[in-house]
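**Student:** sequence unknown, structure follows:
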């Protein structure tokens, strides 16, 4: 499958080179060097601050990056992440804010665990896939200007008619429909923007928790503050607030992913990430059960199969 994808990338290189030459002069320059732009902007403008990038330890030319940006996600979490990572790195090269530096480092480290070049065909429902989707979602918020003071979501330039000729229709699908299914920025009921962040807690300062170097303010009376620990995986839905030149996310909804609470007794069970600390009967512990019980069943089936083979 990887060989097939590489063959496709090679076949598309000539077409993308043609597209790049036809795109010159079709898009306006980014309105502000301090405000980031989304992956759709970079996909449709020839004005790049660099001509190559390193993703996960692998070097990619501008042609290769354009091909990746124009490849539909189609359930591949690695492409989801790559689209947003490319945009974030181009924004940094353009002189954008550095609020996403921590995210970029984590994204690179995650991609570096796979050999070869993108795409890697990663299932978004798996552990690595979920992490990729979550990081991509926060990067999407950054690339949209939602995490940078004084910036607003950027518009995607529309290619000129000659840039959408019959030579490149397959290279310009809308790849953002699946880009951030779980962690993204989305309109709320009042027409504003809700920021969704899911990731590990890096620090806790009274009622401020930090995820991916982004500060999130919880209500001082939020009962979750008595439970949350550094390292917990927390999903936050909230609104952005400018405070003394920085962006703070004011939490509206807080969910601790790796913790179950018995509402009747107040008992707390925390998934430590291994299979040693089993959950009590009342805890749903979906992640633990999926990870550990399936492993036990697989080992049991393997042992049973070996015994059956010996009997034969």
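**Tutor:** Sure, I can see it. As the structure is a prediction and not an experimental result, all values here were calculated from the model.
**Student:** What residues sit buried inside stretch 226-239?
**Tutor:** Residues of stretch 226-239 classed as buried: 228, 232-238 (neighbour count, 16 or more other CB atoms under 10 Å). Backbone N, C-alpha and C define where each C-beta goes, glycine included.
**Student:** Would you map the helices across the stretch 101-250 of the chain?
**Tutor:** 101-111, 127-143 (DSSP state H, counting those that start in this stretch).
**Student:** Which of the ones you listed sits closest to residue 278?
**Tutor:** The minimum distance between residue 278 and these falls on helix 127-143, with 18.8 Å, by CB to CB.
**Student:** how about the closest one: buried residues?
**Tutor:** In terms of neighbour count (16+ other CB under 10 Å), helix 127-143 has its buried residues at 128-143.
**Student:** Could you export the buried residues of stretch 226-239 as a markdown table, including pLDDT and distance to residue 114?
**Tutor:** Written out in a markdown table, the entries for those read as follows (pLDDT from 0 to 100; distance: CB to CB, whole Å):
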| residue | pLDDT | distance to residue 114 |
| --- | --- | --- |
| 228 | 96 | 31 |
| 232 | 94 | 27 |
| 233 | 91 | 22 |
| 234 | 94 | 26 |
| 235 | 91 | 25 |
| 236 | 93 | 28 |
| 237 | 93 | 30 |
| 238 | 91 | 32 |
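**Student:** Outside of stretch 203-214 itself, list whatever touches it.
**Tutor:** Stretch 203-214 has contacts (CB atoms under 8 Å, 6 or more residues apart in numbering) with 99, 101-103, 106, 135, 138, 147, 197-202, 215-220, 222, 225, 228-230, 234, 236, 247-249.
**Student:** Using ChimeraX, define a selection of the buried residues within these.
**Tutor:** Selecting the buried subset of those in ChimeraX, with 16+ other CB under 10 Å as the burial test, is done by:
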select :99,102,103,106,135,138,147,197,198,199,200,201,215,216,217,218,225,228,234,236,247,248,249
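**Student:** where does the stretch 101-250 of the chain have low pLDDT?
**Tutor:** 152-193 (pLDDT under 70).
**Student:** and if we set it to 50?
**Tutor:** 154-184, 190-192 (pLDDT under 50).
**Student:** can you give me the strands for it?
**Tutor:** 185-187, 193-205, 208-211, 214-217, 233-243, 246-256 (DSSP state E, counting those that start in this stretch).
**Student:** and of the helices of the stretch 101-250 of the chain, who's closest to residue 287?
**Tutor:** Nearest of those (CB to CB): helix 127-143, 8.6 Å.
**Student:** What is that closest one packed up against?
**Tutor:** The helices and strands touching helix 127-143, judged by 3 or more CB pairs under 8 Å, 6 or more residues apart in numbering; DSSP states H and E, are helix 77-94, helix 101-111, strand 193-205.
**Student:** in its sheet, what does the last one sit against?
**Tutor:** Just to be clear, that refers to strand 193-205. strand 185-187 (antiparallel), strand 208-211 (antiparallel), strand 233-243 (antiparallel) (DSSP bridges).
**Student:** Now distance to residue 151 too, for these, in a markdown table please.
**Tutor:** Shown next, in a markdown table, are the strands paired with strand 193-205 (distance: least, CB to CB, whole Å):
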| stretch | distance to residue 151 |
| --- | --- |
| strand 185-187 | 12 |
| strand 208-211 | 20 |
| strand 233-243 | 10 |
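**Student:** So for residue 71, which of the strands of the stretch 101-250 of the chain sits nearest?
**Tutor:** Set against residue 71 and scored by CB to CB, the strands of the stretch 101-250 of the chain come closest in strand 185-187, at 22.7 Å.
**Student:** give me the number of residues near residue 211?
**Tutor:** Neighbourhood size, residue 211 [other CB atoms under 10 Å]: 24.
**Student:** which one of the buried residues of helix 127-143 is nearest residue 80?
**Tutor:** For these, the nearest to residue 80 is residue 136 (4.7 Å; CB to CB).
**Student:** how near is that closest one to residue 241?
**Tutor:** Here residue 136 is placed at a distance of 23 Å from residue 241 (CB to CB, to the nearest Å).
**Student:** One more: residue 90?
**Tutor:** Distance from residue 90 to residue 241, by CB to CB: 27 Å.
**Student:** Kindly report the same for residue 215.
**Tutor:** The gap separating residue 215 from residue 241 is 10 Å, by CB to CB.
**Student:** Which neighbours do these two have in common?
**Tutor:** By CB under 8 Å, 6+ apart, residue 215 and residue 241 have these common neighbours: 247-249.
**Student:** coming back round to it: residue 90 and residue 241: which is more packed in?
**Tutor:** Per other CB under 10 Å, whichever of residue 90 and residue 241 has more neighbours is residue 90, with 23 against 12.
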